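Enquirer: Fold the following, please.
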Amino acid sequence: MAGAILADELARLGVAARVHSAGTHAVPGPPSPGATAALRARGLDLADHRSRRTQLEDLRAADLVLGMTRDHVVAARAAAPDRADRAFLPGELARLGAAVGPRRPDEPPADWVVRVARRRPDPPVPARPEDEVPDPAGGSDELYRATAERLAASLSRVARLLGGAPV
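Expert: Prediction:
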């Protein structure tokens, strides 16, 4: 859900970006009915989406890696320690990014992300527990909708900051 929401937010702002979605424990296949319904309610179509596992090449190539839980962020940082400063929780990136300010027009996105990472009070400990987004898998449609809303709140802020707008 996060990838589709972020891609939509960036596109609405006219920010050119490639957004890929992968998971640490993803089982290859179509999205869950709950995720499909929650995003359809937001006007987003997941018909072409297929779940896949995160690959090391994904982590190394990314300007930004968003994990939903601290375990995801820790796993990404451990797999690609040279890119550890590019892995965040959505809420953490929105919060710290707002403190740093939006990306400058001449600043590559990866440089802004690294600049935000320097604001972490304790770099080895990713974010705060309240920045996590629990997986709604197996939950009700209402839980999926609530998760989509929570993601949208953080990711719209992230998209504005990446696009150079204050939040």
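Enquirer: residues in contact with the residue nearest to the spatial centre of the chain?
Expert: Centroid check for the chain by CA atoms, centre = their mean gives Leu66 as the closest residue, at 3.5 Å. Contacts for Leu66 (CB atoms under 8 Å, 6 or more residues apart in numbering) come out as 2, 6, 87-90, 93, 158. Where C-beta positions appear, they are placed from N, C-alpha and C, glycine not excepted.
Enquirer: OK, contacts around the closest residue to Val27 other than its chain neighbours?
Expert: Nearest non-adjacent residue to Val27, counting by CB to CB, 6 or more residues apart in numbering: Ser51, 6.2 Å away. Applying CB under 8 Å, 6+ apart, we find Ser51 in contact with 21, 23, 26-31.
Enquirer: all helices of the protein, in order?
Expert: Counting by DSSP state H, the chain has helices at residues 2-12, 33-40, 56-61, 70-79, 90-100, 109-117, 141-162.
Enquirer: I'd like the contacts of Ser51 as TSV, with neighbour count and pLDDT appended.
Expert: Supplementary listing: those in TSV, determined by neighbours: other CB atoms under 10 Å; pLDDT from 0 to 100:
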residue	neighbour count	pLDDT
Ser21	20	91
Gly23	16	84
Ala26	13	74
Val27	8	76
Pro28	8	83
Gly29	10	86
Pro30	13	90
Pro31	19	91
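Enquirer: Val74 versus the residue nearest to Val27, what's the distance?
Expert: Counting by CB to CB, to the nearest Å, the gap from Ser51 to Val74 is 21 Å.
Enquirer: now do Leu96
Expert: Look at Leu96 and Val74: by CB to CB, they are 17 Å apart.
Enquirer: repeat for Ala165
Expert: For Ala165, the distance to Val74 - CB to CB - is 30 Å.
Enquirer: again, but for Leu44
Expert: To Val74, Leu44 is 29 Å away according to CB to CB.
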